[in-house]
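Asks: below is the sequence, then the predicted model.
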Amino acid sequence: MRNQETRVRGIAARAGGWSARHRWAAVGIWVLFVVLAMGLGSAAGRVDVKDSDQMGGETHTAARIVEEAGIDEPASESVLVQAKADGLKATDAEFRAAVGAVVTAVEKTGKVTGVTSPYDAKTISKDGRSALVQFDMRGEADTAGDRVEPVLKAVEGVQKEHQSLRIEEIGGASMMKTFDDAFGDDFKKAEYSAVPVALGILLVAFGALVAALVPVALAITAIIATMGLMGLVSHFQPMSETANSVMLLVGLAVGVDYCLFYLRREREERAAGRDAQTALRIAAATSGRAIVVSGVTVCVAMAGMLFTGIAEFEAMGLASLMVVAVAMVGSVTVLPALLSLLGERVEKGRVPFLRRRRPSGSTGEGSRFWTAVLKRVLAKPLLAAVVAVGALLAVAAPALGMKTQNLTLDQEFGDSLPIVQTYNRVNEAFPGGSDPAEVVVKADDINAPEVRAALADFRERAISSGASRGPVEITTHDEQNVALVYVPLVGGSDQDKAGESLDKLRDDVRPATLGTVDGVEAPITGQVAGNKDFNDQLVGSVLPVFAFVVVFAFLLMLLSFRSLTVAITSIVLNLLSVGAAYGILVAVFQHGWGASLVGAEGVGAIITWLPLFLFVILFGLSMDYHVFVVSRIREARLRGRSTRDAIQHGVVTTAGVVTSAAVIMVAVFAIFGTLSMQSMKQMGVGLAAAVLIDATIIRGVLLPAVMSLLGERNWYLPKWLHRLPDLTHDESPEAIAPTVRDGERGERGEPVGV
């Protein structure tokens, strides 16, 4: 047969062909790679991002000074002792007895140092109903959350003995433990749910257990291998727990998707009467090519996060890039080998209550639903395009008023955690006391008269300017010539008001005091300052990241399809999809429209890092469907169909696999929308909404409508671009010598513009 004799070129086709011929070798190499990657990564250990590298601006400068000085700032804790009724005061005997019991209990744990009574430190609220017992955790601050449990138990014991008082602990260590527990529980829930959900959907899609297990198994092995690689790479680019979680999320989504594309095409070709070898070759040359193009595009998009200059983003970007690359390589190498080994056994384990499904396109009819939709879209493409674009712009409109900020503890968790209520009570009784600004003062001689005078002046002006109500505490490290100044900010947990107080310190108080002394550095850090510096750095990186992702995605599409029109429409459609996701996020989490449905009442803002993160992730993942659908349309066009027929054929024959892939992605992302942390909830809802929009309105309506309106202009490539590298030759064997209906051919014997 001609299609068996024709040599198919291209990386994906050659890789698939080699793997199918050397099945056991391909599987063995993959298993060896996964084992070696995990083993070497475990042996090397993982280096995580340092606190000093997390931020930019003054926050980074302050962390660097403290680190270079060798000052180990302990994790500070406070115990709030507060009267439940109006009558009891800090001066009463019962109140004093409770304070004494707290001091004794926490000291007995042996885990703390520097315990200070509120009667000595004057940490009693103005109304006299609240007091703070303060102390530091022994050991390194970064791991204090692991050691705070006995102290929390001791405080709980005192609370049981004094029911008329509210006795609660809060601080760096206890909040660290709360976040770690909530974060860990959330991601365990997501991890344990994601795989069964994906497997269940694949069972419905394929109707057979073996066929459903193959994509899940490949995705899991890709994730395991990437975990090992992250350990090795972390010695050059530190990683983090967040990067690990994002890697798992992206790896499961793309790993299953890529296998799904490949497996469905192979089954479709076999159902059309081709032998197993030919079916695999066609799947390798078509779906394999789409996987490579999509994978490279996703990797480029993820690489955009490396331009932020933010260590956490760089870790997430590199981890995501690696898992996509591993999943892509696995899909075009070990997957053909597995399919060749399994043969007809891929249909084993058929689910009794699911009828045997014929793969979409095996009869040439494709999806009935999308056939009906396409019939209406292609009948009136202009109307369909206008309605689709109008709907997407309407959904995206709320994004124009997007407000981003790092969520406070009560925004992140609502009232679901007791520590949130403690946080609010402390801020109400001692505004700014739980999150003070920290001024790191470095001088040639910290005890020089002019430096001491400037410090005293700073303390006085911080209060007189209205930035703080005090008390302003100063700790001097004589040997290091460093002083740490702690300034409770007016505004407390209100980020906007606290931000105004910070601006007064940075722009007015500091220049007039410490700024007048030569040789003095005085960067201001703390939670509020860190949030501001993070926002400023993120805003500054938006344009470079957007430009990098868009330009390189455009170039990849141009080289992959040799069509200027396809490249431009790809970018525009993806931007519409991202914009719609932004609009949904703002409507739900900022304006509260339907917030009760996802448990997001009262958040009022989008977490700072999410818009850029979503843009990068969605721009990459959207290419999965786009490349797959457009590749099928172009393949049909090369086989001699008219552009209109090629559009209908491409969309309806890919509808089944795109729908299955989208349902899996939406389901996995939606799991994150059920988690307790609002940041994770926002990420899950944003990703799920965007994928749903992308797989339906964008690929099912807008893409065919626009391509129908453009007609032959879809394949337009200016003559001056003909010298670009040709990456379009990975077509199915039948497409090597296409019949062109209109008789027009370009310089290389291709249909014009192809």
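Replies: Okay, I see it.
Asks: who touches the nearest residue to Gly56 once chain neighbours are set aside in this structure?
Replies: In space, Gly56 comes closest to Gln537 once its chain neighbours are excluded; the distance is 4.0 Å by CB to CB, 6 or more residues apart in numbering. From N, CA and C alone the C-beta is placed, and that goes for glycine too. By CB atoms under 8 Å, 6 or more residues apart in numbering, the contact set of Gln537 is 55-57, 308-310.
Asks: nearest to Val79 among the residues you listed?
Replies: Distance to Val79 across the contacts of Gln537 (CB to CB) is lowest for Met55, with 29.0 Å.
Asks: whichever of the contacts of Gln537 end up buried, select them in PyMOL.
Replies: Those of those that count as buried under 16 or more other CB atoms under 10 Å are selected in PyMOL with:
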select buried, resi 55+56+57+308+310
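Asks: report the two of the contacts of Gln537 separated the most.
Replies: Top of the distance list for these (CB to CB): Gly57 and Thr308, 13.4 Å.
Asks: any idea how far the residue nearest to Gly56 is from Val545?
Replies: Counting by CB to CB, to the nearest Å, the separation of Gln537 from Val545 is 12 Å.
Asks: what residues are shared contacts of the two?
Replies: Residues touching both Gln537 and Val545 (CB under 8 Å, 6+ apart): Thr308.
Asks: off-centre distance for stretch 564-579?
Replies: A distance of 22 Å separates the centroid of the chain from that of stretch 564-579, by CA atoms, centre = their mean, to the nearest Å.
Asks: do stretch 705-715 as well
Replies: The chain centroid and the centroid of stretch 705-715 are separated by 34 Å, computed with CA atoms, centre = their mean.
Asks: show the model's pLDDT score for the residue in the chain sticking out farthest from the centre.
Replies: Each residue of the chain has a distance to the centre, and by CA atoms, centre = their mean the biggest one is for Ala93: 52.7 Å. Ala93 is assigned 90 on the pLDDT scale.
Asks: again with Glu428
Replies: The score at Glu428 is 82. That number is its pLDDT.
Asks: equivalent analysis for Leu400, please.
Replies: 92.
Asks: that older thread, lowest-confidence member of the contacts of Gln537, which is it?
Replies: Among these, Met55 has the lowest pLDDT, at 67.
Asks: count the residues that sit near Asp181.
Replies: 12 (other CB atoms under 10 Å).
Asks: give me the element it is part of.
Replies: For Asp181, the element it lies in under DSSP states H and E is helix 172-206.
Asks: cool, Val616 as well?
Replies: Secondary-structure assignment from DSSP H and E places Val616 in helix 610-638.
Asks: so which elements touch that helix?
Replies: With contacts taken as 3 or more CB pairs under 8 Å, 6 or more residues apart in numbering; DSSP states H and E, helix 610-638 sits against helix 241-271, helix 287-303, helix 311-332, helix 527-561, helix 564-585, helix 643-672, helix 678-693, helix 703-710.
Asks: out of those, the one nearest Lys122 is which?
Replies: Using CB to CB, the helices and strands packed on helix 610-638 put helix 527-561 closest to Lys122, at 23.3 Å.
Asks: report the angle between that closest one and helix 564-585.
Replies: Here helix 527-561 runs at an angle of 150 degrees relative to helix 564-585 (axes from the mean of the first three to the mean of the last three CA atoms, to 10 degrees).
Asks: tell me the pLDDT at the residue nearest to Ala301 when sequence neighbours are not counted?
Replies: For Ala301, ignoring the flanking residues on the chain, the nearest one in space by CB to CB, 6+ apart is Gly620 at 3.4 Å. pLDDT recorded at Gly620 is 79.
Asks: ok, Gly620 to Ala319 distance?
Replies: Distance of Gly620 to Ala319, computed by CB to CB: 13 Å.
Asks: between these two, which one's more packed in?
Replies: Neighbour count, other CB under 10 Å: between Gly620 and Ala319, Ala319 has more, with 30 against 27.
Asks: next SSE after the helix or strand bottoming out on mean pLDDT in the chain?
Replies: Across the helices and strands of the chain, mean confidence by mean pLDDT, DSSP states H and E is lowest for helix 2-5: a mean of 40. Once the chain leaves helix 2-5, the next helix or strand it forms, by DSSP H and E, is helix 11-21.
Asks: alpha carbons of that next one, in PDB - could you do that?
Replies: Provided in PDB are the C-alpha atoms of helix 11-21 (Å, rounded to 0.1, in the frame of the first residue of the first chain):
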ATOM      1  CA  ILE A  11      10.700  14.100  15.200                       C
ATOM      2  CA  ALA A  12       7.400  12.800  16.500                       C
ATOM      3  CA  ALA A  13       6.900  10.300  13.600                       C
ATOM      4  CA  ARG A  14      10.500   9.000  13.800                       C
ATOM      5  CA  ALA A  15      10.300   8.700  17.600                       C
ATOM      6  CA  GLY A  16       7.000   6.900  17.400                       C
ATOM      7  CA  GLY A  17       8.300   4.600  14.700                       C
ATOM      8  CA  TRP A  18      11.500   3.600  16.600                       C
ATOM      9  CA  SER A  19       9.500   3.000  19.800                       C
ATOM     10  CA  ALA A  20       7.000   0.800  18.000                       C
ATOM     11  CA  ARG A  21       9.800  -1.300  16.500                       C
END
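Asks: quick check: mean pLDDT of it?
Replies: 83.
Asks: mind giving me the packing neighbours of the helix holding Asp181?
Replies: Counting by 3+ CB pairs under 8 Å, 6+ apart, helix 172-206 packs on strand 76-83, helix 149-161, helix 209-233, helix 241-271, helix 418-429, helix 643-672.
Asks: residues of the second one that come out buried?
Replies: Meaning helix 149-161. Residues of helix 149-161 classed as buried: 151-152, 154-155, 158-159 (neighbour count, 16+ other CB under 10 Å).
Asks: which pair in these spans the largest distance?
Replies: Val151 and Gln159 (12.9 Å).
Asks: what's the closest non-adjacent residue to Lys108?
Replies: In this structure, Lys108 finds its nearest non-sequential neighbour in Ala154, 6.9 Å apart by CB to CB, 6+ apart.
Asks: thank you kindly, that will do.
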